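Chemist: Structure of the sequence below:
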Amino acid sequence: MKFYSKKAIFLDRDGVINDPKNNYYVWKIEDFIFNEHIFKTLREYIQAGYILIIISNQGGIAKNIYKKLDTEKLHNYMNYEFRKRGIFISEIYYCPHHQEFTKCICRKPDSLLLEKAIARFNINPEKSFFIGDSKRDIMAAEKVGVKGFLIKKNEKLPKII
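Modeler: Have a look, this model is predicted:
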């Protein structure tokens, strides 16, 4: 029997952390707008003992709208802004595929990225949560035994602690 020691908050990116406005694909730093209450709430989650992990579908890579390097630059910027505010993101996992081109098991609603995070960080799924703005986020969470919170796009994050 495996002993899991950590609890985590898994977060979708676009619509949860940032406001994608009317852009379905956000990959430019100048288009990345943090949602209003994100910093305060993430600090509260950390203070309650949760590690933070982002799980995001980035199908624009498969569609050649932007490159993996663009995604990495945006994530570096996002992490920099979080760290300036005392927020540490343990990892950002993203799926670069799109179902129009490739069948994969890392794209939500599949759960490979969650499974990787759970194994790598020794996370207890029963004490963890996934906050997403799409049913596919919640479906991925349920596949690994993590409780999902479905919020409206850009809604204030729930008090789950």
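Chemist: drop to CA atoms for contacts and neighbour counts, all remaining ones
Modeler: Noted.
Chemist: longest helix anywhere in this structure?
Modeler: helix 68-84 (DSSP state H).
Chemist: Distance from the chain centre to it, please.
Modeler: 13 Å (Cα atoms, centre = their mean, to the nearest Å).
Chemist: Pull up the pairing partners for the helix or strand following it, direction included.
Modeler: Beyond helix 68-84 on the C-terminal side, the first helix or strand identified by DSSP states H and E is strand 89-95. Sheet pairing here is set by DSSP bridges, and for strand 89-95 it gives strand 50-57 (parallel).
Chemist: residues in contact with the strand it pairs with?
Modeler: Contacting residues not belonging to strand 50-57 are listed as 6-14, 42, 45-46, 88-97, 107-108, 113-114, 117 [Cα atoms under 8 Å, 6 or more residues apart in numbering].
Chemist: Now, of the residues you listed, which are buried?
Modeler: 6-14, 42, 45-46, 88, 92-97, 107-108, 113-114, 117 (16 or more other Cα atoms under 10 Å).
Chemist: In helices, which of those residues appear?
Modeler: Within those, residues falling in helices by DSSP H are 42, 45-46, 113-114, 117.
Chemist: can you list these in a markdown table and add pLDDT and distance to residue 63?
Modeler: Output for those, formatted as a markdown table (pLDDT from 0 to 100; distance: Cα to Cα, whole Å):
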| residue | pLDDT | distance to residue 63 |
| --- | --- | --- |
| 42 | 98 | 31 |
| 45 | 97 | 35 |
| 46 | 97 | 35 |
| 113 | 98 | 20 |
| 114 | 98 | 23 |
| 117 | 98 | 26 |
